[in-house]
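Colleague: Show me the folded form of this:
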Amino acid sequence: MTSSTTKTTATRAPRKPADRAKPADQLRAEALAESPAGWELITPVEELRSSQIADAQADLLELFEALGVDLSQPDREFELEMTAATIRKVGELGTVLQRYSVDEEAFIAFDRGKGAAERITQLSMWFLQELGE
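Modeller: Next up is the predicted model:
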């Protein structure tokens, strides 16, 4: 079996001081426009308890570190060599996200089929950024 490489990009524009003057719904609409596919399947951070936030952050950080992703890079662009270990870790990202899904059946459907690994990886990076704000 040959290994392949998947390139994944998850970026989010930094908030500017001028953002503080914008109404909350405008900020939310702008953030949602920049959100990856599947964002609506994840429980909003505002609804999570501090222990849930800590658990999600720790789990996602641990998995991304195991994947060799440098989280200090602002663009969060990285390539993953698709080895058996990498595939397992990407699968674990989906398991972590599923714990925070608002609709488990819809999340499972999102996590199926071609491109699911890339969708889950991008959604995981987005969720980690949301948890850290």
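
Colleague: how far away is Ile53 from Ala85?
Modeller: Shown here: Ile53 relative to Ala85, a distance of 27 Å by Cβ to Cβ, to the nearest Å. Placement of C-beta: from N, CA and C, glycine included.

Colleague: ditto for Val96
Modeller: Between Val96 and Ala85 the computed distance is 17 Å (Cβ to Cβ).

Colleague: More neighbours: those two, which one.
Modeller: Val96 (19 against 11; other Cβ atoms under 10 Å).

Colleague: can you tell me the helix or strand for the residue lying closest to the more buried one once chain neighbours are set aside?
Modeller: Leaving aside its sequence neighbours, Val96 sits nearest to Asp59 (Cβ to Cβ, 6 or more residues apart in numbering; 4.7 Å). Element membership for Asp59 (DSSP states H and E) is helix 50-66.

Colleague: Please name every helix or strand in contact with that helix.
Modeller: helix 84-99, helix 116-132 (3 or more Cβ pairs under 8 Å, 6 or more residues apart in numbering; DSSP states H and E).

Colleague: Deepest-packed of those, please.
Modeller: Counting by mean count of other Cβ atoms under 10 Å, helix 116-132 has the highest mean neighbour count of these, with a mean of 20.

Colleague: sorry, back to before: show me which positions of the helix holding Asp59 end up buried.
Modeller: Asp55, Ala56, Asp59, Leu60, Leu63, Phe64 (16 or more other Cβ atoms under 10 Å).

Colleague: How far off centre is the helix or strand following it?
Modeller: Next in sequence after helix 50-66, counting helices and strands by DSSP H and E, comes strand 77-82. Its chain's C-alpha centre and that of strand 77-82 lie 15 Å apart, by Cα atoms, centre = their mean, to the nearest Å.
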